[in-house]
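Asks: no sequence for this one, just the structure:
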């Protein structure tokens, strides 16, 4: 069983991935503070953050969810601490640095997904949330393979803003030439079964002689937001979708209204 300190670092690393911030090789994880009840007088540190008057769930509701399984691992739900948005925002290093990219504009889409600010910039810091994530393993040229899910008490318009932060990938980025060969792609495809507001995005590109793929599924229900991800040189669309359905079904069956 991983230590609490190690598990806490995993939860923070998933938030770094959600924010598309500087590579986790240079990030220093902070430890979660004790769970607290949301305060109606809370003032967000960022003017772009939207204040929610009340919450449907507590962190304890999310932490009580049964573990989800990824391969041989049982992923427990740990409290999510929302990071203070960077000012100015810093995207991760360019994974295609030193390579030619055509269309060149797709280089930024590979690097950031099209984000111009942190994905979590509009999430109030006291929003109840939890993350379940696999352990970080040996990095590949600064990129860490992982799989995990994040749940947040972020309904309605706030959830829609989160879902819409990723711009739709440009059509020309579905076929990207790297050093003259088609070896990268950024696409968004429908994924039935996750609601009308779901978004399924994939980014793939060459890394260390192989192909690195980042899969992102975002969806919301009337009361909570889900962000499910898998990143690495292994895995498949079918495997990721099976993991996503498992997470969806487990949460639906076990999460009770607050």
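Replies: Noted; the coordinates are in hand. This structure is a prediction, so every number in the text was calculated from the model and none was measured. Numbers count the residues shown, from 1 in each chain.
Asks: which ones are touching the closest residue to residue 241 other than its chain neighbours?
Replies: Nearest-residue entry for residue 241: residue 191, 6.8 Å, with adjacent residues in sequence omitted and distances by Cβ to Cβ, 6 or more residues apart in numbering. (C-beta placed from N, C-alpha, C; glycine too.) Applying Cβ atoms under 8 Å, 6 or more residues apart in numbering to residue 191 gives the contacts 198, 200, 217, 241, 244.
Asks: out of those residues, which are inside helices?
Replies: Members of these lying in helices (criterion: DSSP state H): 241, 244.
Asks: shaky segments in the stretch 151-258 of the chain?
Replies: 257-258 (pLDDT under 70).
Asks: secondary structure element for the residue nearest to residue 241?
Replies: Secondary structure assigned from DSSP states H and E places residue 191 in neither a helix nor a strand.
Asks: just the one 5 residues further on next, same as before
Replies: Under the assignment given by DSSP H and E, residue 196 is not contained in any helix or strand.
Asks: give me the neighbour count for it.
Replies: Residue 196 has 6 neighbours, counted by other Cβ atoms under 10 Å.
Asks: that one and residue 242: what is the separation?
Replies: From residue 196 across to residue 242, the span is 22 Å (Cβ to Cβ, to the nearest Å).
Asks: what of residue 131?
Replies: Noted for residue 131: a distance of 20 Å to residue 242, by Cβ to Cβ.
Asks: which of those two has more neighbours?
Replies: Each of residue 131 and residue 242 has its neighbours counted (other Cβ under 10 Å); residue 131 has more, 27 against 11.
Asks: which strands and helices sit next to the top strand by length along the chain?
Replies: Counting by DSSP state E, the longest strand found in the chain is strand 210-220. The helices and strands touching strand 210-220, judged by 3 or more Cβ pairs under 8 Å, 6 or more residues apart in numbering; DSSP states H and E, are helix 156-163, strand 199-207, strand 225-232, helix 237-254.
Asks: ok so, going back, for the contacts of residue 191, work out which two are farthest apart.
Replies: 198 and 241 (11.6 Å; Cβ to Cβ).
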